[in-house]
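Undergrad: missing the sequence, but the structure's below:
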């Protein structure tokens, strides 16, 4: 792939800004041209000197005297030449550090047609793992992330993080320059300053050098780390990834080695989850959610329910989708795991099926045990990565006892590399053994467990170098901060959860003067720094050298780039041998006399900001968390019982204190939170100035302990008597006795409504009378289409990918916490979450709600200026430039899916953020109503295509943004009049029903009921 | 007040005809009641208090100016409206003011068509309240828009896009209704005040003549007098406003016809506007709005708020200008009876609406009812009940019906209650309609309140100006009433005296007893 066109006519030589102008000289410039402040500065660059040497040998002789009086004379003579030459931009050789430069096209590539979509296969990153995606660019700008249907793990799905990553590229808060002690510096200065220390380190064979990274899956990066290790043999590499400690320990205890289980839901008929997280946010989500939902759909087609039994201490997406959900404390979960293991260890043993009613925990255990016993070899037991090693080990042993290994459960070696722990690094720092620390793409000062006091220990390090995308806590605490490139502007690779290697290719010239992680490591190992592409290409050429000649390897490389991944690189399955249990995993001992005010704190990654790495992404900040619908904040999730006992209301501040470490945060009463526990999500409470995330939420980090980073018992909770307002997008969680969500018992009578006798959809039969006049369609339009959508609630896991995709596709503005608190969030697509049953043991449901495109739309009657109206294909259109803003349409809408620009939400967008906007969709001004359009711009595109080719629009040609983003393919869209269309087939399903169908507005969007246990089983 | 009763008694014996009784062709025929009303205009008896009141009202106008600046500059987001509560204090304020206007105008029109003598006491005030409330209401439909500079897109005007408003929309018809209302109400008001303008014109001319005569007596030019220019301007303005009214028989005949036609139109436009405004809500499918009783109850609410506001204004004006002889206990009693009757009709409507919700089987409707009674804005329901429906029941007590204070205060309470009712209907439904997930609490914020207070300030300012520069009651009607009474009972004539606050009789110079007094 050749370099794509950059955003603006930015020469964007990575060197020019660094050498030519200190970053301070380009304040607030998003992707603007790289300007030099004066020729004095420009003339300093080595590139310029080489250019002079090559083009004007005589002038080059003058160059050394440029500072003196000769400079003026020289400039006088050469001014015209300089103006024409474009200076260092014309230097087509690699720059002095060996890195190639992206330059704008002089003549456009034939593939880039202004206004047309051009997609590149690439990879976005989450927690060190890759997500195979397509990057959609238009006019040279990446504007959107789409799923890569060919990728073996994502299979066309995406998640909220990958969708939002495109905004991160344009983030004006990104680090834009090398900083030395907080002041603008340059890469040259960094290299000059580190020549000495690195030479000393080399001489000492690397003693005193430490590398700290997050999770690393990138084969090339691992190669470079190995090269670093070779260059500095005494270097020690540490990784910071607390979520995997438990999994690795469990693997070692059960099999003697760390393993990564993978689940084949299609081979299972019962799934038991011990606080499992396979549907929750994380690198495993996309692929496993699709596997699970498709296995569930296939099972339902076969007349059986692939039931999910889930126990969890805190609400999670996995527990929300369970057919048999149980809320239990962490201790109880450990006891349940041990109990199930005891019940099922002997082959043929059947658990005691008594006492099914009464104690919900006993009932759950009996039911789950019976399901597992009835499906030996065809079941799955899984435990979440946040669970203690004992529980995860019990899951391994249960699978072994049930004979599931190799069938429902397969094992691979962990995809991510592991190195020394963070705790050992802190020990070494305290002991004065660390001279130079390179923190590569990690923010340990922020996310290290509080009891390590990482920041204190860091002060003992002489040379602290931080490479990151933001000047975050670690950047501020370091001597040198190096700006990292965004994955959309860099070369690299990463492996997805299954191990498939995805390639990262830039889709735009770097907006700021950053370097990729590969390039940063190259500064330490290579005499001449190498370009990321060069490093990456060489790594894969080296890897494949044995497989063929150079031409074959080159072809393979190009193919991999086009595909976005390297086929056949999934981590192979292994068959680890089960070790005998060291001891019966005893139930964890709780404190002898439990303090009634002590709680167990559970730490979880935030579903939107993860561990803080995504905290600066405005889309994610404003993304309602799937379960509590809170935005722009993290909260202390407390069970309803605790709230009642302590007289706490939502937003009341509490202090959590353990071992002298203390955090304060607002409480949020959370149905399904286990008694005696509270959950804190990570990723908030950032302190560096001038970031979007600064001052939002609170940092739970100080409370965490390195020994058990995801859980801490014996924490004192005290009410502070103050409160704060937490913004949420959904205040009410009950269906109030209505059937907004329907559950279809597998094998039972259909719960859906009969297909409407809708003449517009080509159905025979009359419609019920309506107070709204029917749209009269022109009869002569034989090619008329009827767009419609069907959303499968069973497949919807509430992951929010569609919400971000919609925001990205339709230029939906971010309004901020205060506006959301007022009730003015702008999402066209929201996911309603309902609790059902008791607050202690609730069932959870998700329902994506967007404009229903009612056939008899009340909004259209309300509007006095006809700014919202029906088109000939049944779309409920919104004409922004006709809207005067009476807001009658919203008042008339029974679904309340319309959003109003109460203020000018788009005018203040940073120029760089504006550059991301989808040029096909109007940016709305203040005073204008907006809502879901079924991605009418995509329909229009297909319509034009169809008009040109005189062919009908084939089914599947138009896919809405939410539909493409959905990892589980829960959204079907197409022409309801096309009797062969997928959406029509879905609408004919017995589970199909309309939300508020009794209003007889004949919505074009309908839902498929969730699957549930048959009547007797519930 | 038995003496008043006797005194007022004959007034109701007047014929129900609108024909000017006694047919005095001179517009400034000498009747002391009318003259004294005109005297208020010229002599400004409440100088200090009027200025204080005006300062207060202008202060509220300033609040309106500030609020409008911010709302127009930044957008309707300055108010606390949200999704789903897209209409809140803006439309509540609009519906309340236009309801008040409609109620007032309807009362005035009925009094006129029925030829009730009470028109002499209440007609002018009712017309004034109607027009000024409509002006206060008129601020909202434009400023509440997201893009107010395109307000005219609501109207059918020819344009190059060949775009018309959406004729099915109740909002479009509401815009038409408001314009019609302003036209009709303005017409009713002006037509009624025109002969008074002529009286004032003549009085102003008389004063000029007096000035000139005095100047001549001093041997100076007429315009040497200090107040000459102002007096001349006044005479000219009143002259222009009276449109050349000479009081000829033809004038009277046409005037009478026009008044009656406009009165009929007024009743029609009131019904049309209020039912139209109701269809803005009833035409949706929203629970609590979608109700066939809605148009009826909107008319009742409008009448209630209009009559209530009129009662309050009448009480204040009566006390301020000492018009006890003109706005009598009988008139107050009439207002009290109307309020009581409308209150009973309102109770009927409310009960039937509630029964419909309970028995109708629509759970959304039922939940809206439950939230109205006990939700976060239950205060609006209970203030409607207590201030509006319960308070008017006090009028079963005869003494309270005749007490100006009681009628005024209860009128004020009822007006507040009607505002609450609009709030309850609009906000109560919007903030939680069908899907609980979409429900969102609404809280009033300072800008919404400021805008409403400002619209009140606008009304008060204009009201004070009209009280200052126009006769507070219709000179014509009062005079006509007097002549009717004179014809019926020439010997029991009471002395309709504009009582001064100082209790003194009218000094000869301050209020000329007759037009020819020079």
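TA: Structure received. Source: prediction; values computed, not measured.

Undergrad: please count neighbours and contacts with C-alpha atoms only from this point.
TA: Will do.

Undergrad: now the strands for the stretch 501-650 of chain A?
TA: Assigned by DSSP state E, counting those that start in this stretch, the stretch 501-650 of chain A shows strands spanning A:501-504, A:565-566, A:573-574, A:598-604, A:636-638.

Undergrad: which one of those strands lies closest to residue A:805?
TA: strand A:501-504 (20.4 Å; Cα to Cα).

Undergrad: partners of that closest one in the sheet?
TA: Sheet pairing of strand A:501-504 (DSSP bridges) gives strand A:492-495 (antiparallel), strand A:565-566 (antiparallel).

Undergrad: related to what we said a few turns ago, mind putting the strands of the stretch 501-650 of chain A into JSON lines with mean pLDDT and distance to residue A:150?
TA: Shown next, in JSON lines, are these (pLDDT from 0 to 100; distance: least, Cα to Cα, whole Å):
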{"stretch": "strand A:501-504", "mean pLDDT": "94", "distance to residue A:150": "12"}
{"stretch": "strand A:565-566", "mean pLDDT": "92", "distance to residue A:150": "9"}
{"stretch": "strand A:573-574", "mean pLDDT": "90", "distance to residue A:150": "21"}
{"stretch": "strand A:598-604", "mean pLDDT": "92", "distance to residue A:150": "32"}
{"stretch": "strand A:636-638", "mean pLDDT": "94", "distance to residue A:150": "39"}
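
Undergrad: just put the ones you listed in CSV and tack on mean neighbour count.
TA: As requested, the strands of the stretch 501-650 of chain A are arranged in CSV below (neighbours: other Cα atoms under 10 Å in any protein chain shown):
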stretch, mean neighbour count
strand A:501-504, 29
strand A:565-566, 26
strand A:573-574, 14
strand A:598-604, 22
strand A:636-638, 28
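
Undergrad: now render these as TSV, adding distance to residue A:368.
TA: TSV is the format used below for the strands of the stretch 501-650 of chain A (distance: least, Cα to Cα, whole Å):
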stretch	distance to residue A:368
strand A:501-504	37
strand A:565-566	39
strand A:573-574	27
strand A:598-604	24
strand A:636-638	27
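
Undergrad: circling back to that earlier point, of all the strands paired with strand A:501-504, which one is nearest residue A:409?
TA: Closest approach to residue A:409 among those (Cα to Cα): strand A:492-495, 20.6 Å.

Undergrad: name the residues that touch the closest one?
TA: A:123, A:125, A:128-131, A:217-221, A:415, A:501-505, A:516, A:518, A:532-533, A:536 (Cα atoms under 8 Å, 6 or more residues apart in numbering or on different chains).

Undergrad: kindly list the longest helix within chain B.
TA: Taking DSSP state H as the criterion, chain B has its longest helix at helix B:170-218.

Undergrad: whether that helix contacts chain A - can you check?
TA: Yes: using Cα under 8 Å from any Cα of the partner chain, helix B:170-218 reaches chain A at B:170-172.

Undergrad: relative to residue A:225, how far out is the closest residue to residue A:697 other than its chain neighbours?
TA: Nearest non-adjacent residue to residue A:697, counting by Cα to Cα, 6 or more residues apart in numbering or on different chains: residue A:633, 4.6 Å away. For residue A:633, the distance to residue A:225 equals 36 Å [Cα to Cα, to the nearest Å].

Undergrad: residue B:266 now?
TA: Distance of residue B:266 to residue A:225, given as Cα to Cα: 88 Å.

Undergrad: what about these two, which has more around it?
TA: When residue B:266 and residue A:225 are compared for neighbours, residue B:266 comes out ahead with 27 against 19, by other Cα atoms under 10 Å in any protein chain shown.
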